[in-house]
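> Next input, structure requested:
(chains A, B, C and D)
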Protein chains: 4
Amino acid sequence: MSIRVTVWHEYRHEKTNPKVAEIYPKGMHEALATYLRTCRDIAVRTATLDEAEHGLGESVVNETDVMLWWGHIAHGEVKDEIVQRVHDRVLGGMGLIVLHSGHFSKIFKRLMGTTCNLKWREANDREILWVTRPGHPIVRDIDDHFILPQEEMYGEYFDIPDPMETVLISSFTGGEVFRSGVTYERGAGRIFYFRPGHETYPSYHDKNVLKVIENAVRWAAPTPQPAAHTFGNRPTGWVDKK
Amino acid sequence: MSIRVTVWHEYRHEKTNPKVAEIYPKGMHEALATYLRTCRDIAVRTATLDEAEHGLGESVVNETDVMLWWGHIAHGEVKDEIVQRVHDRVLGGMGLIVLHSGHFSKIFKRLMGTTCNLKWREANDREILWVTRPGHPIVRDIDDHFILPQEEMYGEYFDIPDPMETVLISSFTGGEVFRSGVTYERGAGRIFYFRPGHETYPSYHDKNVLKVIENAVRWAAPTPQPAAHTFGNRPTGWVDKK
Amino acid sequence: MSIRVTVWHEYRHEKTNPKVAEIYPKGMHEALATYLRTCRDIAVRTATLDEAEHGLGESVVNETDVMLWWGHIAHGEVKDEIVQRVHDRVLGGMGLIVLHSGHFSKIFKRLMGTTCNLKWREANDREILWVTRPGHPIVRDIDDHFILPQEEMYGEYFDIPDPMETVLISSFTGGEVFRSGVTYERGAGRIFYFRPGHETYPSYHDKNVLKVIENAVRWAAPTPQPAAHTFGNRPTGWVDKK
Amino acid sequence: MSIRVTVWHEYRHEKTNPKVAEIYPKGMHEALATYLRTCRDIAVRTATLDEAEHGLGESVVNETDVMLWWGHIAHGEVKDEIVQRVHDRVLGGMGLIVLHSGHFSKIFKRLMGTTCNLKWREANDREILWVTRPGHPIVRDIDDHFILPQEEMYGEYFDIPDPMETVLISSFTGGEVFRSGVTYERGAGRIFYFRPGHETYPSYHDKNVLKVIENAVRWAAPTPQPAAHTFGNRPTGWVDKK
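Here you go, the predicted structure:
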């Protein structure tokens, strides 16, 4: 059975900035979706901010195994009820891959419990991403480092909880460092934050970036059975009666 | 310099339930505050839900090093703006000790990013608390286990992120288990969740429970200097100019 | 391609204790191997202490994806060079599932860096295993708890590093608790410690115990590609020349 | 009562390499000890490889609260029985601060359970150390980054378990990154690995490096009471009889 992926994208920069539109003529979400559609075990749909319910109606969310999330200038426009829906679904087992400026999205901040703030600079820094957990499924087929010739700089301190696993750490031309690939588990869901993807650079055409995202989709996919757990009032002796 | 503690308490059960009022004539917060006042290095004040701003005006919060939080039936009445204030202060370095039914408080759920749900039963279970990180400052002077003859049962699955440290795990008469003492770091703040303290049992008169809380206050207290970190846009070369 | 499992067993109790031989006529390893052979995606072999090189020659170890380890009375007889071989292979990516009294094996202690000591009692305690990370692949198809009517008690403090994930916690008739299912990553390898399996109880005939082990095999299996990483002296500029 | 620190040093480079002797005329251990002696709450002694029992007799080890460890070319000469003694003491509560090339020491590898291997280069790289856990006691009084104009490069992958806390991450001129300040708890002991300190650079004269080490000493110091825990056989009912 396929892993059902929903690529969620704010999809605003492409409509107003010709530079972005040139790199991603159909939007970043289509670049990501096009790549993932080449994977036989992955079934892809997309959803964007300006659709009804941001494209994230109940049936879409409930039928998603792994969601990708890219947002930047319109985090505040994402409705709280949709954030709640996605949050519930992550805790219920859906995987979530938060990309680049999605660090400031409502859903990521809610899952982390911190500000998720950081340093940044748009100055064509060279980014080198170093693998810090070789053998991890997320860096399958990735060498011990890879380079993006030009990217936005993100720098520490990145205000996140200490990750479960730190899979990638970046350096930039300016000397800054950043935890670029980090994993979390919240409820029954797995979360991966992945740094690259500023809208004015072609990072979602880079083969290493795409491979990491493909790998992360498989890593974050829930087990086929829903998580078995119960909450609430329990009478004495119930443990034996099951 | 003293550690400035604010004991925050919902303070409702004592006003309506004679059984609770008998155990805690001046409220749970006063039982906790009275004990902590015996510690020379700790300066204590209290704050309760029905005070203006829930007793948590800006100056109170800003001048608090460690906050204790007990709530149960009125989590929903705590104003979001006060929760935001406390949240900001935790990320800025204030320690937070969440007690018992405070697992469902707005502040704890926001910091954890999960539902914080659990199983429970009010049936006079015997609780045995086992130390799972001996040598930790929070269990200083605590034996390898201690017993509360009667307590409310809380049972796993407790929907929290995997803790930084699991310091105490409980068993109950009914056979359930629970991670009863767990630590987290969020931003510059330290958080300790501590399970005991149902309002109809005298747990906050128990010497081991009080000792754990006293220890946790010292563990959670911030370092004297505010955390040094900056966020935002940085020009190339700034790292050398400092 | 199948996951290549090697079930390693000390295989001594069965030869001298009729009670154990009655429960496991061909040895515990055969009970485990027989079950795992019913899984289409798993290829099983066994190895035991009294074979040459303990059954763990270089080719066996190199061709193993996941190793199970049960030992008890003869940990000291396991040769250091074989422990080294298994250790190297775990760091290189092999999964390792350490069972019950294997907590005191040389390989587990070496990987943990601690004494791995604990409390214990052979008195027919009832063990209840509680799931503390629902949705985790290791507890797929497992209810929120399961019961072993009679088992040896293991009690905290269990001297292990704080786990990456705590998947199962047990309670016992005597009121003790124990972290019964815990995960670690060391180098490129995944490690799962799983508590049940005292030789005088039929725990490796229990369907829940077997299911957890089956799940753990799949969780611990390495990614098909070997982990890409290099160590050692690097000239300036090498990062760009790759 | 003072924190009793023992600075352990291999003390070989200074005797054969004039460049090192010029930077550290009395040895690195004396540079570190001299600084720590300026702290009123710290009592310092030193111990070196070529002393009897490497200066680490039983009484010295038992009376040490926090040990610093620097070694490089003679790790293999450290006797296994002394390593065992230090290991036992760490698990019993002693703090351990492992410096620079001490990453390959027997004691650190034993505590980590991994190879602790890494990349390196001696080419006068500029090292920038970034704080990734502001507010942590170890980075008290440290700005959000500090710079060492010349240091040996250490690069990822650093083969260590995922740390409890990652407090500092470095970048180097060559573009490499490294987790430079990481914490662990093993048994009752706290461990801090701190990267800087190549023998041909004056890093242990740098005020930020020295401040981090001073802070780490206080962080790693054990609580005054020995950790309360017991192991071994327990009869049914013992939990109530204490």
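> What is the neighbour count of residue A:228?
Residues near residue A:228, counting by other Cβ atoms under 10 Å in any protein chain shown, number 17. C-beta here means a position set from N, CA and C on the backbone, and glycine is covered the same way.
> Also residue A:71?
Residue A:71, neighbours per other Cβ under 10 Å, totals 27.
> wait, isn't it in contact with residue A:13?
No. Applying Cβ atoms under 8 Å, one finds residue A:71 not in contact with residue A:13, separated by 10.4 Å.
> so who does residue A:43 touch?
Residues in contact with residue A:43 (Cβ atoms under 8 Å, 6 or more residues apart in numbering or on different chains) are A:2-5.
> Any idea which helix or strand in chain A has the lowest mean pLDDT?
Least confident helix or strand of chain A, by mean pLDDT, DSSP states H and E, is helix A:238-241 with a mean of 82.
> Show me what counts as buried in it.
In terms of neighbour count (16 or more other Cβ atoms under 10 Å in any protein chain shown), helix A:238-241 has its buried residues at A:238-239.
> Quick one: mean pLDDT over the longest helix seen in chain A.
Taking DSSP state H as the criterion, chain A has its longest helix at helix A:207-220. Confidence over helix A:207-220 (mean pLDDT, whole number) is 98.
> Make a ChimeraX selection of whichever of the contacts of residue A:43 turn out to be buried.
Only the buried members of the contacts of residue A:43 end up in this ChimeraX selection, burial being decided by 16+ other Cβ under 10 Å:
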select /A:3,4,5
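> Can you tell me which of the contacts of residue A:43 comes closest to chain D?
In terms of Cβ to the nearest Cβ, no member of the contacts of residue A:43 lies closer to chain D than residue A:3, at 25.9 Å.
> Do you know the pLDDT at that closest one?
Looking at residue A:3, its pLDDT stands at 98.
> Run through the bridge partners of it.
Counting by DSSP bridges, residue A:3 forms beta bridges with residue A:42.
> my guess is it contacts residue A:221, does it?
Yes. In this structure, residue A:3 is within contact of residue A:221 by Cβ under 8 Å, at 4.6 Å.
> Overlap of the contact sets of these two?
Taking Cβ under 8 Å, 6+ apart as the criterion, residue A:3 and residue A:221 both touch A:65-66.
> For residue A:197, see how far away the nearest residue to residue A:196 once chain neighbours are set aside is.
Of all residues not flanking residue A:196 in the chain, residue A:203 sits nearest, at 4.4 Å (Cβ to Cβ, 6 or more residues apart in numbering or on different chains). Applying Cβ to Cβ, to the nearest Å, one obtains 5 Å for the distance of residue A:203 from residue A:197.
> so what sits against both of the two?
Counting by Cβ under 8 Å, 6+ apart, the common neighbours of residue A:203 and residue A:197 are residue A:209.
> Any residues of chain A in contact with chain C? List them.
Listed as neighbours of chain C in chain A under the rule Cβ under 8 Å from any Cβ of the partner chain: A:93, A:128, A:131, A:133-137, A:139-145, A:147, A:164-165, A:185, A:187-189, A:222-230, A:239-240, A:242.
> Would you show me how to pick out the buried ones of those in ChimeraX?
One line in ChimeraX is enough to select the buried ones among these; burial here means 16+ other Cβ under 10 Å:
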select /A:93,128,131,133,134,135,136,139,140,142,144,145,164,165,185,187,188,189,222,223,227,228,229,239
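> Return the subset of the residues of chain A next to chain C lying in strands.
A:128, A:131, A:145, A:147, A:165, A:185, A:189 (DSSP state E).
> and the fourth one, bridged to which residues?
The reference is to residue A:147. Taking DSSP bridges as the rule, residue A:147 bridges to residue A:128.
> for it, what are its contacts?
By Cβ under 8 Å, 6+ apart, the residues touching residue A:147 are A:126-129, C:239-240.
> can you tell me how far it sits from residue C:221?
Per Cβ to Cβ, residue A:147 is found 31 Å from residue C:221.
> same question, the fifth one
Distance of residue A:165 to residue C:221, computed by Cβ to Cβ: 17 Å.
> can you check the second one too?
In this structure, residue A:131 lies at 20 Å from residue C:221, with Cβ to Cβ as the measure.
> Neighbours of residue A:37, how many?
Neighbours around residue A:37, by other Cβ under 10 Å: 13.
> Let me know the secondary structure of the residue nearest to it when sequence neighbours are not counted.
Excluding the flanking residues, the one nearest residue A:37 by Cβ to Cβ, 6+ apart is residue A:44, at 5.2 Å. Secondary structure, DSSP: H, G, I helix; E, B strand; the rest coil: residue A:44 is strand.
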